[in-house]
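J.: What follows is a predicted structure for the sequence shown.
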Amino acid sequence: MTREVAPLRYIDDVEMRLKRQDAWWDYDVIDHVPVMMSIPSGKNIGFPQKEHASYRERTFDTEYLLDCMKTSVENTTFLGDAIPHAYINMGPEVFSGFFGTEIEYGPDTSWSIPNLLDWADVDKIKFDTDNFFYKKMDQMMLDFIAGSEGLFYTGMTDIHPGGDAIAAFRDPAELNIDMIEYTDEVKKLLKYVTDCFINYYDHAATLLEEHKMPISAWCGITSTKRWYVPSNDFSCMVSPAMFDDVFLPELARECKSLEASVYHLDGPGAIKHLDSLLTIKELNAIQWVYTMDGIQRPSDWMHLYKKVQKAGKGLQISINISELDYFMEELSPQGIWLGVGGISTKDEADAVIKRLMTWK
């Protein structure tokens with residue numbers, strides 16, 4: 001391990017679980033690929049019930065959210081290399097909120113209110129450490145660390161810089177036009193946004209490391225390395241040539257600023273950019289989100305997984321236990337991070353690990 005981390009109450013082998021995930025970034029396999037599994041603990045503790053005046057109030061209710069997280073961990077047995085972790089979820093556009101974008105909250109998601117209505121006002125888009133969202137994020141992270149009672153680690157929030165941040169400033173429909181009419185302005189703002197991401201990530205990672213937290217985030221990975229999940233969901237709306245010209249350089253700079261990275265490839269509309277993404281030297285892995293409707297299976301995209309492995313990149317894959325043998329037959333274990341669902345007992349999880357020990 002490269003950094004000291006705090007112990008967890010219910011996981012005696014947390015250091016080995018972290019070592020396997022650390023090794024994954026370098027395409028190394030210690031004894032088996034990192035595998036995340038969980039089952040109910042059987043405690044059946046009821047979740048806290050509380051009335052909130054608004055969804056926004058619920059989003060910022062640290063005590064309530066902390067109680068929910070502790071209950072969730074108590075109700076779960078984390079098997080394989082799974083490690084309980086929490087992130088402060090102010091919505092996928094909270095990073096844009098640091099620049100003054102207002103955010104509206106619904107029952108399950110949130111959305112930003114564009115604040116760059118005219119490119120003549122672009123200089124008003126400034127990252128602000130005095131901003132409500134920025135200060136609230138720091139405070140909630142510290143509160144979660146202090147209140148976790150050794151049950152879980154506190155991690156990074158969902159940060160969307162790059163094209164997604166600018167789409168939040170402008171509105172995606174407006175940004176589509178801007179990509180043609182204001183290309184240079186978009187590129188200049190992208191560079192500034194990337195600078196701000198790099199600085200904010202260092203700030204948040206330092207805060208976590210000072211409290212002996214590993215780095216974790218929404219996608220389930222936990223590692224002592226400074227890693228994150230570059231993404232650009234807006235890119236589904238632009239051509240490969242436009243993506244390469246406008247977005248790829250700053251995505252590469254995001255990756256270069258980190259010790260490790262896994263790109264969030266979001267749906268079929270993003271596949272057209274995969275070849276370009278695979279050219280980023282510092283990008284370690286791909287997380288492929290293959291469907292939103294549950295009809296398709298991970299195995300339907302084996303050709304894509306093989307392409308990524310052939311390019312020398314790793315894969316974050318979530319499958320049902322019924323598909324495990326097929327994936328072991330078709331792919332190399334090097335660079336594979338697995339989430340395995342369909343597990344109902346510890347014996348089944350132990351059997352999965354035994355099978356994974358044979359994957360060569």
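T.: Great, that's in hand.
J.: all strands for the stretch 251-360 of the chain, in order.
T.: Under the criterion DSSP state E, counting those that start in this stretch, strands of the stretch 251-360 of the chain are mapped to 260-266, 285-289, 314-320, 336-341.
J.: so Gly339 makes contact with Ser318?
T.: Yes: at 3.7 Å, Gly339 counts as touching Ser318 under the criterion of CB atoms under 8 Å. From N, CA and C alone the C-beta is placed, and that goes for glycine too.
J.: ok so, going back, can I get the strands of the stretch 251-360 of the chain in TSV including mean pLDDT, distance to Thr77 and mean neighbour count?
T.: Converted to TSV, the strands of the stretch 251-360 of the chain look like this (pLDDT from 0 to 100; distance: least, CB to CB, whole Å; neighbours: other CB atoms under 10 Å):
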stretch	mean pLDDT	distance to Thr77	mean neighbour count
strand 260-266	97	26	23
strand 285-289	96	25	20
strand 314-320	97	18	20
strand 336-341	98	14	22
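J.: Ok, which of the ones you listed comes nearest Lys126?
T.: Evaluated over these, closeness to Lys126 peaks at strand 260-266, with 26.3 Å, by CB to CB.
J.: for the closest one, packing partners?
T.: strand 227-228, helix 248-257, helix 274-277, strand 285-289 (3 or more CB pairs under 8 Å, 6 or more residues apart in numbering; DSSP states H and E).
J.: what comes into contact with the third one?
T.: Outside of helix 274-277, the residues that reach it under the criterion CB atoms under 8 Å, 6 or more residues apart in numbering are Pro240, Phe243, Asp244, Leu248, Leu251, Tyr263, Leu265, Leu283, Ile286, Leu304, Lys307, Val308.
J.: list the contacts for the first one?
T.: Applying CB under 8 Å, 6+ apart, one finds that Pro240 lies in contact with Lys272, His273, Asp275, Ser276.
J.: quick one: which of the residues you listed has the most company?
T.: His273 (22 neighbours; other CB atoms under 10 Å).
J.: State the three-state secondary structure for Asp108.
T.: Three-state assignment for Asp108 (DSSP: H, G, I helix; E, B strand; the rest coil): coil.
J.: Equivalent analysis for the one 4 residues further on, please.
T.: Local secondary structure at Ser112 is given as strand here, using three-state DSSP.
J.: Show me what it is bridged to.
T.: Beta-bridge partners of Ser112, counted by DSSP bridges, are Ile103.
J.: Find me the pLDDT at it, would you?
T.: Listed pLDDT for Ser112 reads 95.
J.: is it true that it touches Ser96?
T.: Yes: between Ser112 and Ser96 a contact is recorded at 5.3 Å, counting by CB under 8 Å.
J.: These two: which has the busier surroundings?
T.: Legend: neighbour count by other CB under 10 Å for Ser112 and Ser96, higher for Ser96 (29 against 24).
J.: Next up, phi/psi of that one, please.
T.: When read as degrees, to the nearest 10, the backbone of Ser96 gives phi -60, psi -30.
J.: Show the contacting residues for Glu282.
T.: Contacts for Glu282 (CB under 8 Å, 6+ apart) come out as Ala252, Cys255, Lys256, Leu258, Ser261.
J.: Could you rerun that using 6 Å?
T.: Residues counted as contacts of Glu282 (CB atoms under 6 Å, 6 or more residues apart in numbering) are Cys255, Lys256.
J.: Would you mind measuring from it to Thr157?
T.: 22 Å (CB to CB, to the nearest Å).
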